[in-house]
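Asks: model the following, please.
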Amino acid sequence: MLNFKAFKLPPHAAAVIVATIAAAFCFTGGGCASDSDAKGQLDPGYADLESRNYDAAIEKADAFLAANASGGTGSAEALYLRGRALEQKVAANPHESRQNLQSARSAYVDALSRDPSPALEGRIRASLANVAYFQDDYATALDQWSAAYDKLDVPETRAWVLYRIGVSHQRLGHFKQADKTFAAVIKEYPSTLPAQRAKEHQGATGFVVQVGTFNSAAGADRATEAVRKQGVTPVRATDTQGRHLVRVGPLKTYAQAQSIKSKFVESYPDALIIP
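Replies: Predicted coordinates:
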């Protein structure tokens, strides 16, 4: 087992990944309530969450919190439910998506202040890390996932969390620590999707923006010229299927890669950052 103390540091597409990882936390029919009284009141909210009726889940969480305004047992659970619903809710536009993520983050931070049980604390911290990750706050994501890891008891969740710890290290430029973490994912959770993803991320020492993939050389030529007109030097390559790739890089930091991608994503919506 890795020593996670060493890891501590002083829209819509993202929502799909958030939901994939978060779903492993507690969709078991009865929700995740840690207190018997709270469980009876919050189970319907968890049922709404599972059926993707997010507004109803938020309403039930808010009703519980209003009835227990002084805090006390169950309030951390209700705030966790509220955060989960906000985190997974499909937004009408990127601005609303950012608002939902920030509101979810506030709910999780509040939940951590309500003395949750260790098991619930693990789920809250993992969810807070999810939000921070998709807000590009990789230091907080790394800190919270590292604190959550030993409190989580579902192997699938632990595998995803360990993989995301590695990605967060990588995006912060901690390339050696990232590779160490990816190796741990492959060793501890072999034959899983996180292990497969970890292999794809290993060995990176920088980032590349892949502007586009083209079936014809002519299409790649046009994209190459468009990139040059933006004052950026493109690199041409081909993949195993013989397609033409137009890339920019290598770039030293993830922030640089994001800046380059933003220049071209409107014209080339399939632009992506590797790894």
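
Asks: what does the helix or strand containing Lys176 contact?
Replies: Assessed by DSSP states H and E, Lys176 sits inside helix 175-188. For helix 175-188, contacts defined as CB atoms under 8 Å, 6 or more residues apart in numbering pick out 2, 6-7, 159, 162-163, 165-167, 169-170, 194-195, 198-199, 201-205. Placement of C-beta: from N, CA and C, glycine included.

Asks: one more: stretch 152-165?
Replies: Contacts of stretch 152-165 (CB under 8 Å, 6+ apart): 2, 7, 21, 24-25, 119, 122-123, 126, 129, 133, 141-142, 145-146, 148-149, 181-182, 184-185, 188-189, 192, 194-195, 197-198.

Asks: quick check: buried residues in it?
Replies: 152, 156-165 (16 or more other CB atoms under 10 Å).

Asks: neighbouring contacts of the helix or strand that comes right after the helix holding Lys176?
Replies: Downstream of helix 175-188, the next assigned helix or strand under DSSP H and E is helix 193-201. Contact partners of helix 193-201, identified using CB under 8 Å, 6+ apart, comprise 159-160, 162-163, 166-167, 170, 178, 181-183, 185-186, 189, 275.

Asks: 6 Å - rerun?
Replies: With contact meaning CB atoms under 6 Å, 6 or more residues apart in numbering, helix 193-201 is reached by 159-160, 163, 182, 185-186, 189, 275.

Asks: cool, and stretch 247-265?
Replies: 171, 206-211, 230, 232, 234-235, 271, 273.

Asks: these in strands, which ones?
Replies: Those of the contacts of stretch 247-265 mapping onto strands are 207-211, 235, 273, per DSSP state E.

Asks: tell me the one of those residues nearest Gln102?
Replies: Each of the ones in strands among the contacts of stretch 247-265 was scored against Gln102 by CB to CB, and Ile273 proved nearest at 23.2 Å.

Asks: report whether the expected contact of Arg114 with Glu77 is present.
Replies: No: the pair Arg114 / Glu77 is not scored as a contact, 8.7 Å apart, by CB atoms under 6 Å.

Asks: who's more crowded, those two?
Replies: Ranked by neighbour count (other CB atoms under 10 Å), Arg114 and Glu77 place Glu77 first, with 29 against 18.

Asks: sec struct for the more buried one, please.
Replies: Under DSSP: H, G, I helix; E, B strand; the rest coil, Glu77 falls in the helix class.
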